[in-house]
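*Asks:* Quick one: sequence and predicted model below, then my questions.
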Amino acid sequence: MSTDGTAMAARLCMALMRADTEQEVVSLLSAAGYWDDFGAWRPINDEENNFSTIGNQQSEAVAAFVEKIINGVDSRLLDGCLRAGDDPQGVSAPKSMREAVARYFERRANPSRSDGRISDWSDSEVTAQGRLLTVAATGNMPADGHPSLTVADQGEGQTPMRCQQRSCPCRRATSCGSHSCRASSTWEAPGPCSSAPGRTNFS
């Protein structure tokens, strides 16, 4: 992608992140030429008959939203694992979330059973990590309609080439990434996609 193309994609990504309604999203994608361009979209997992996977993920809105936060935690742990050069599915991978926290965020080579507890962190450590996984409420106040709730994490991220492989890996039985599809609400994903926060609309 050219420098101009990269800058345009970045602007579109940021505009989509700030969109508070479905109508804004459709308008932005239409203006960019994607919404009505079927060639720009691919079915999740490249499977056209994917409703059994997608439709089964968010029967209850609050549970779906909580899953987004859990996904963000998973993504932060996976990021720590990959940055350390560990294989998330390898024999040396942490056996629990607490062990992962101890190894990748507390930098403990041989964690004890009492390590990996965020309650033991200093306020500055909690704040520093909290800024890398955020929940924001924007848009309407309760009296005016529904808010837009955004969960954003600075986790492992995805390159365009990995989007389809990671969009719903539970169908492929990969243990480390099965969280990625739990709260999906999109039947198709754009071909040239990039990592973006999940959004749950309560309308």
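*Replies:* Arrived safely.
*Asks:* Give me the distance between the longest helix that the chain contains and the centre of its chain.
*Replies:* If each helix of the chain is counted by residues according to DSSP state H, the longest one is helix 61-83. For helix 61-83, the distance from its own C-alpha centre to the chain's C-alpha centre is 7 Å (Cα atoms, centre = their mean, to the nearest Å).
*Asks:* try stretch 92-111
*Replies:* On the basis of Cα atoms, centre = their mean, stretch 92-111 sits 22 Å off its chain's mean C-alpha point.
*Asks:* Would you mark the buried spots in it?
*Replies:* By neighbour count with 16 or more other Cβ atoms under 10 Å, stretch 92-111 contains the buried residues 93-94, 98-105, 111. (C-beta placed from N, C-alpha, C; glycine too.)
*Asks:* Make JSON lines from those residues and add secondary structure and pLDDT to it.
*Replies:* Shown next, in JSON lines, are the buried residues of stretch 92-111 (DSSP: H, G, I helix; E, B strand; the rest coil; pLDDT from 0 to 100):
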{"residue": "A93", "secondary structure": "coil", "pLDDT": "91"}
{"residue": "P94", "secondary structure": "coil", "pLDDT": "93"}
{"residue": "R98", "secondary structure": "helix", "pLDDT": "94"}
{"residue": "E99", "secondary structure": "helix", "pLDDT": "95"}
{"residue": "A100", "secondary structure": "helix", "pLDDT": "95"}
{"residue": "V101", "secondary structure": "helix", "pLDDT": "95"}
{"residue": "A102", "secondary structure": "helix", "pLDDT": "95"}
{"residue": "R103", "secondary structure": "helix", "pLDDT": "95"}
{"residue": "Y104", "secondary structure": "helix", "pLDDT": "95"}
{"residue": "F105", "secondary structure": "coil", "pLDDT": "95"}
{"residue": "P111", "secondary structure": "coil", "pLDDT": "92"}
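*Asks:* Just list what the longest helix of the chain packs against, helices and strands only.
*Replies:* When contacts are defined as 3 or more Cβ pairs under 8 Å, 6 or more residues apart in numbering; DSSP states H and E, helix 61-83 packs onto helix 97-104, strand 133-139, strand 147-153, strand 198-201.
*Asks:* Please produce JSON lines containing these, extended by distance to D4.
*Replies:* Shown next, in JSON lines, are these (distance: least, Cβ to Cβ, whole Å):
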{"stretch": "helix 97-104", "distance to D4": "37"}
{"stretch": "strand 133-139", "distance to D4": "29"}
{"stretch": "strand 147-153", "distance to D4": "26"}
{"stretch": "strand 198-201", "distance to D4": "27"}
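*Asks:* and the ones you listed, which one's lowest on average pLDDT?
*Replies:* In terms of mean pLDDT, the lowest-scoring of the helices and strands packed on helix 61-83 is strand 198-201 (a mean of 38).
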